[in-house]
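Colleague: Following is a predicted model, sequence given first.
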Amino acid sequence: ERIPYDVLVNQEGCTDESACNFNEAADSDDGSCVDSGCMDPEASNYDPFAGCDDSCVYLSYTCSELGDPAWLELETGVFPQIQATTVGVLTNMEWVFHLDSVAVDSISNVSFGVHSFQLDSVIGDVPGMELDYLASTLTMNSEWCVEANGIPSISGVYPLIVVGEMFIQVFGQPFSIGISSFEFVVEVESNPFPIIGCTYPTAVNYAAFATEDDGSCIFPGCIDTAALNYSPHFNMGGGECVYPQDDPLCPEDITGDGVVSVNDLLALLSSFGSDCPF
C-alpha cells in the first residue's frame, strides 16, 4: 500500500532536543515531550512527572550521610520535609539541610551559581522537644545536621524553618541575594493509649503529657518530723530543715522545746556571765 506523500513529510513528535523522547525525524511538535527523572517512588529524588527513567538516589536523610555523593542529585532544602511522632513517646529525630550548587532567585526566577549559605538559626519549636544545631557557613554541595530530642507534650503540626543568608557567585566573588528560608514540619499525633507519669504540677518530675498518674511524683523537702517545716507530703530529702532553736521568730526558746518557759530562764541564768564562743 502506498503511503500518502503528506504523511511522509509531516511527521509529528517531540521536537524539544532537551526532552528524553526527542524525535529527530519529527517535523512538528505534538506536545508529547517529557523530561527524564527517577520513576521509583521509594527513591529520595522520585519525580512523579518523569516520562523517562533516570538515575535514582536512595538516602535515609540521617546525619551519618553528610557528604554522601547522592546528595548531589538533590536541590537545596531540608530532608525529610515531614516527620511524625506521638504525644508522650520519647523521640529522636534528624534532618539534613543540603546546599546545592545552584540557587534560583525567587523574584526573577533566574538561576545562579551558589557561593555559600550563612546559616543563622532554626525558627519554631515542638513542645517537649529540644532542637540541637550549630550555626555555620556552608559551601555549595555540602550538608548540615539538625536534631530534635525529647517527649512531645502537645499534638499538632509544627513548622520549623531554617533561616540564613544566601550568597551567589558573581565574577567569582560572593554576592548576597538576601535571606532565604527552608521549611520542614513535625506532625505530633495524639496518643490513644494511657500515658503513665507524674500528673501533679508541683512535683519536680511533673509530666505535662501524662494522662494517668503512676505514683512516681517527687516532692523534695524536709522529711525530719522533728523540724518545724516538716511536711508529710515531702517524699525526698533536699529541703533545708528548720528546727525550733533555729527559728528566728522565737529566739527566747533557748532549750529548743518549742515553748518559752521557766526552763529557758534557768538556762539563761546558768550561763550568765559566761563568754560566748565565736
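Modeller: Nice, I can see it.
Colleague: What's opposite Val102 in the beta bridge?
Modeller: With DSSP bridges applied, Val102 shows beta-bridge pairing to Gly113.
Colleague: Low-confidence regions, this structure specifically.
Modeller: Residue ranges of the chain with pLDDT under 70: 1-9, 106, 245-258, 263-264, 266-278.
Colleague: who does the longest strand belonging to it touch, helix- and strand-wise?
Modeller: Determined from DSSP state E, the single longest strand within the chain is strand 173-189. For strand 173-189, the elements it packs on are strand 77-79, strand 82-86, strand 91-99, strand 111-123, strand 156-170, judged by 3 or more Cβ pairs under 8 Å, 6 or more residues apart in numbering; DSSP states H and E. Every residue, glycine included, has its C-beta placed from N, CA and C.
Colleague: Can you give the strand pairings for the helix or strand following it, parallel or anti for each?
Modeller: Using DSSP states H and E, the helix or strand that directly follows strand 173-189 along the chain is strand 196-197. Its sheet considered, strand 196-197 pairs with strand 212-213 (parallel) by DSSP bridges.
Colleague: part of a helix, is Leu265?
Modeller: Yes - if the criterion is DSSP: H, G, I helix; E, B strand; the rest coil, then Leu265 is within a helix.
Colleague: That one: how many residues sit nearby?
Modeller: Using other Cβ atoms under 10 Å, Leu265 has 12 neighbouring residues.
Colleague: can you start the count at 312 instead of 1 from here on
Modeller: That works, and once the first residue is 312, the last one we named lands at Leu576.
Colleague: Tell me who's in contact with it.
Modeller: By Cβ atoms under 8 Å, 6 or more residues apart in numbering, the contact set of Leu576 is empty.
Colleague: again with Asp431
Modeller: Asp431 makes contact with 446, 474-476, according to Cβ under 8 Å, 6+ apart.
Colleague: Quick check: the gap between it and Trp406.
Modeller: Distance from Asp431 to Trp406, counting by Cβ to Cβ, to the nearest Å: 16 Å.
Colleague: between the contacts of Asp431, which is closest to Thr396?
Modeller: Val474 (23.3 Å; Cβ to Cβ).
Colleague: For the closest one, give the beta-bridge partners.
Modeller: Ser432, Ser492.
Colleague: Does it touch Ser432 like I think?
Modeller: Yes - the criterion here is Cβ atoms under 8 Å, and Val474 meets it with Ser432 at 5.5 Å.
Colleague: More neighbours: which of those two?
Modeller: Per other Cβ under 10 Å, whichever of Val474 and Ser432 has more neighbours is Val474, with 15 against 12.
Colleague: list the contacts for that one?
Modeller: Residues near Val474 by Cβ under 8 Å, 6+ apart: 430-434, 490-492.
Colleague: now, among those residues, which is nearest to Glu454?
Modeller: The closest of the contacts of Val474, once distances to Glu454 are taken by Cβ to Cβ, is Leu430, at 11.2 Å.
Colleague: ok, now how distant is the residue lying closest to that closest one once chain neighbours are set aside from Asn356?
Modeller: Spatial nearest neighbour of Leu430, excluding adjacent residues (Cβ to Cβ, 6 or more residues apart in numbering): Gly475 at 4.0 Å. Distance of Gly475 to Asn356, given as Cβ to Cβ: 23 Å.
Colleague: Those two - which one has more neighbours?
Modeller: Taking other Cβ under 10 Å, Gly475 and Asn356 do not tie; Gly475 has more neighbours (23 against 18).
Colleague: Verify the stated contact: that one with Ser427.
Modeller: No - between Gly475 and Ser427 there is no contact under Cβ under 8 Å: 9.6 Å.
Colleague: What separation is there between Phe493 and Trp406?
Modeller: Between Phe493 and Trp406 the computed distance is 10 Å (Cβ to Cβ).
Colleague: Overlap in contacts, these two.
Modeller: Counting by Cβ under 8 Å, 6+ apart, the shared contacts of Phe493 and Trp406 are Val389.
Colleague: Who has more neighbours out of the two?
Modeller: Neighbour count, other Cβ under 10 Å: between Phe493 and Trp406, Trp406 has more, with 24 against 19.
Colleague: For that one, which non-adjacent residue is spatially closest?
Modeller: Nearest residue to Trp406 in three dimensions, chain neighbours excluded: Val457, at 4.4 Å (Cβ to Cβ, 6+ apart).
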